[in-house]
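Undergrad: Next come a sequence and a model predicted from it.
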Amino acid sequence: MTTGEAGMRSQARGLAMALSDRVIEKTWRGRGARGWLAGNLGPGFGPPWPDVLVACGRRSIAPARWIRRAAAGRCLTVYIQDPRGSEAAFDLIVAMAHDKIAAGPRVLKVETALHEVTPDALARAAEMWRPRLGGLGRPLVGVAIGGSTGSRRFTDRHAETLVEVLRAVRRGGGSLAITPSRRTPAAVRARLLAAFAGDPAVFVWDGAGQNPYLGILALADRLVVTSDSVSMISEALATAAPVQVFDLGFGRHDRFLDGLVASGLVSRFADPPPTRGRVDVTGLAAAAVVRMVQARTGLAGQASCSRASQSPVT
């Protein structure tokens, strides 16, 4: 159960799908005082209750708390991110390393965001996109571009600097596969398309047809990701490719990025990218949930963490 934002859905779905092949997704849209009151007094959900409830997004805390009470202890509740004072409402909290909440028996700290980018998903995407991207040449540098966030704007100056950086990659012999996101301003998309028009070793997604994002993650020899998105950086780390972060200077995710640099998982673009293995914190969180299910039910879980029970995961 999430509040509907793409980043929240990806984290909750990633964990739920690692636990079970029977996943029911719910979205809680309640906002403001009325939404909080509805969430606490009865959000409109009813039995049968799932064995595991995965919630993400602060507005989902109230209805998740209500479901836990209504299920009378039969529903193991997991919250992704820092619930900020609502720790008692959950059996397990999965928070990132830079969150202020301390690790403990019911708090698992992880280095990146949870997500749905699995080895199987990458393998399927590689097969699908290899005919289009495989001919660009090696080394292939994949570029994932975010955009404006709240009061922080992805400006023409950011776009100009990014284009110059990517032109330097081309001069160094690398090919480029570039995917803007839904948050990338139209002017930035146009700037990228114009800058590399006619270059056979550069692919820039123009927004038409299927998004090549997963294919780029799967096939790139190196990845460049803008700093505005914790999710995109985390998903890039699920691949074997070295990751560099193009820092937009927003300041919003500085603690997250500084922690990854200090851990040797990523570098800022000016520095050589570190070599590392795949980072799979979603599997780590799933294993923690399986252990709790085993302790509660006395049943042995599957070693792969692919299924926690035969009941749906919300």
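TA: Happy to help now that I have it. Residues are numbered from 1 along each chain as shown.

Undergrad: C-alpha from now on. contacts and neighbour counts both.
TA: Will do.

Undergrad: Strands of this protein, residue ranges please.
TA: Along the chain, counting by DSSP state E, strands occupy 52-56, 76-80, 92-96, 107-110, 140-145, 175-180, 202-204, 222-226, 243-246, 267-268.

Undergrad: which intervals of the stretch 151-300 of the chain have sub-threshold pLDDT?
TA: 299-300 (pLDDT under 70).

Undergrad: most centrally placed residue in this structure?
TA: Nearest to the mean C-alpha position of the chain, by CA atoms, centre = their mean, lies residue 231 at 3.3 Å.

Undergrad: what about that residue, distance to residue 14?
TA: 12 Å (CA to CA, to the nearest Å).

Undergrad: still on that earlier bit, isn't the residue nearest to the centre of the chain right up against residue 115?
TA: Yes - with contact defined as CA atoms under 8 Å, residue 231 counts as touching residue 115 (7.4 Å).

Undergrad: Helices of the stretch 1-150 of the chain, start to end?
TA: Secondary structure of the stretch 1-150 of the chain (DSSP state H, counting those that start in this stretch): helices at 6-19, 32-41, 61-70, 119-133.

Undergrad: how about the ones you listed, which one is nearest residue 282?
TA: helix 6-19 (5.9 Å; CA to CA).

Undergrad: The closest one relative to strand 52-56, how many degrees between them?
TA: Orientation of helix 6-19 against strand 52-56 (axes from the mean of the first three to the mean of the last three CA atoms, to 10 degrees) gives an angle of 160 degrees.

Undergrad: Residues that sit against both of residue 231 and residue 14, list them.
TA: 114-115 (CA atoms under 8 Å, 6 or more residues apart in numbering).

Undergrad: which residue of the protein sits farthest from its center?
TA: residue 198 (32.9 Å).

Undergrad: if we can go back for a sec, name the nearest residue to the residue nearest to the centre of the chain, ignoring sequence neighbours.
TA: The shortest distance from residue 231 to any non-neighbouring residue, by CA to CA, 6 or more residues apart in numbering, is to residue 113 (6.0 Å).

Undergrad: what about that neighbour, distance to residue 292?
TA: Counting by CA to CA, the gap from residue 113 to residue 292 is 21 Å.

Undergrad: ok, the two, which is more surrounded?
TA: Applying other CA atoms under 10 Å to residue 113 and residue 292 shows that residue 113 carries more neighbours, namely 25 against 18.

Undergrad: Quick check: that one touching residue 98?
TA: No - proximity of residue 113 to residue 98 does not meet the contact threshold set by CA under 8 Å, at 11.0 Å.

Undergrad: pretty sure residue 12 is touching residue 81, no?
TA: No - the criterion here is CA under 8 Å, and residue 12 misses it with residue 81 at 10.3 Å.

Undergrad: tell me, what's touching the two both at once?
TA: Residues touching both residue 12 and residue 81 by CA under 8 Å, 6+ apart: residue 56.

Undergrad: Could you check which of the two has the larger neighbour count?
TA: residue 12 (26 against 23).

Undergrad: List the contacts of that one.
TA: 1-2, 54-56, 80, 114-115.

Undergrad: Please convert the buried members of these into ChimeraX selection syntax.
TA: Filtering these down to the buried ones (16 or more other CA atoms under 10 Å) takes a single ChimeraX command:
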select :1,2,54,55,56,80,114,115
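
Undergrad: Dump the contacts of residue 12 into TSV; add distance to residue 136 as well.
TA: Putting these into TSV (distance: CA to CA, whole Å) gives the following:
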residue	distance to residue 136
1	40
2	39
54	41
55	41
56	39
80	39
114	31
115	28
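
Undergrad: Tabulate the contacts of residue 12 (CSV), appending pLDDT and distance to residue 213.
TA: Putting those into CSV (pLDDT from 0 to 100; distance: CA to CA, whole Å) gives the following:
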residue, pLDDT, distance to residue 213
1, 94, 25
2, 95, 23
54, 98, 26
55, 97, 26
56, 97, 23
80, 98, 24
114, 97, 17
115, 97, 14
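
Undergrad: Among the contacts of residue 12, which one lies nearest to residue 71?
TA: residue 54 (14.2 Å).

Undergrad: quick one: the closest one and residue 80 touch, right?
TA: Yes - under the criterion of CA under 8 Å, residue 54 makes contact with residue 80 at 7.5 Å.

Undergrad: For the strands of the chain, give me JSON lines that also has distance to residue 187.
TA: As requested, those are exported to JSON lines (distance: least, CA to CA, whole Å):
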{"stretch": "strand 52-56", "distance to residue 187": "32"}
{"stretch": "strand 76-80", "distance to residue 187": "34"}
{"stretch": "strand 92-96", "distance to residue 187": "33"}
{"stretch": "strand 107-110", "distance to residue 187": "36"}
{"stretch": "strand 140-145", "distance to residue 187": "13"}
{"stretch": "strand 175-180", "distance to residue 187": "11"}
{"stretch": "strand 202-204", "distance to residue 187": "14"}
{"stretch": "strand 222-226", "distance to residue 187": "17"}
{"stretch": "strand 243-246", "distance to residue 187": "19"}
{"stretch": "strand 267-268", "distance to residue 187": "25"}
